[in-house]
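Colleague: got a predicted structure here, sequence first:
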Amino acid sequence: MKKKITKEEFINQKGELAYDAMTDFLNLEIDDDFIEVMYSFLSVANFRVGEYEGNQYLLRKLNAQEVEIIDIGSEGFVEEEKLFRFNISVAEFLYILDEIDEWRKDFWKN
């Protein structure tokens, strides 16, 4: 079941840096042809763990309910983990994929 999350809630829960990373991830790693693959990877409950490594980000499915997004491009340069990785529920991520065009908008404002 998808769980609605607004941009404001996302920022309040995970921080501005995680929000920037999320919009960056959506724009750099998920094109229109790949959305269905990502959706399947996340929504299949019996596929509990796994990884997708993109050009700049690693998406790690920790379990059937949670994923971790890691900015592997920044990982070697920053000591504080919270600056380059964050967790999000699968339900919230699926909702964001459904609303991807809206979430991608802020990427181009920077």
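Modeller: Nice, I can see it. Residues are numbered from 1 along each chain as shown.

Colleague: show me the shaky parts of the protein.
Modeller: By pLDDT under 70, the weakly predicted segments of the chain are 1, 45-47, 75-83, 106-110.

Colleague: quick one, strands of it?
Modeller: 50-53, 57-63, 66-71, 85-89 (DSSP state E).

Colleague: now distance to E9 too, for those strands, in TSV please.
Modeller: Glycine gets a C-beta too; all of them are placed from N, C-alpha and C. Output for the strands of the chain, formatted as TSV (distance: least, C-beta to C-beta, whole Å):
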stretch	distance to E9
strand 50-53	25
strand 57-63	21
strand 66-71	17
strand 85-89	11
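
Colleague: any idea which of the ones you listed gets closest to E29?
Modeller: Of all those, strand 57-63 sits nearest to E29, with 5.3 Å by C-beta to C-beta.

Colleague: counting by contacts, list what that closest one packs against.
Modeller: Under the contact criterion of 3 or more C-beta pairs under 8 Å, 6 or more residues apart in numbering; DSSP states H and E, strand 57-63 touches helix 16-29, helix 35-43, strand 50-53, strand 66-71.

Colleague: how about 7 Å then?
Modeller: With contacts taken as 3 or more C-beta pairs under 7 Å, 6 or more residues apart in numbering; DSSP states H and E, strand 57-63 sits against strand 50-53, strand 66-71.
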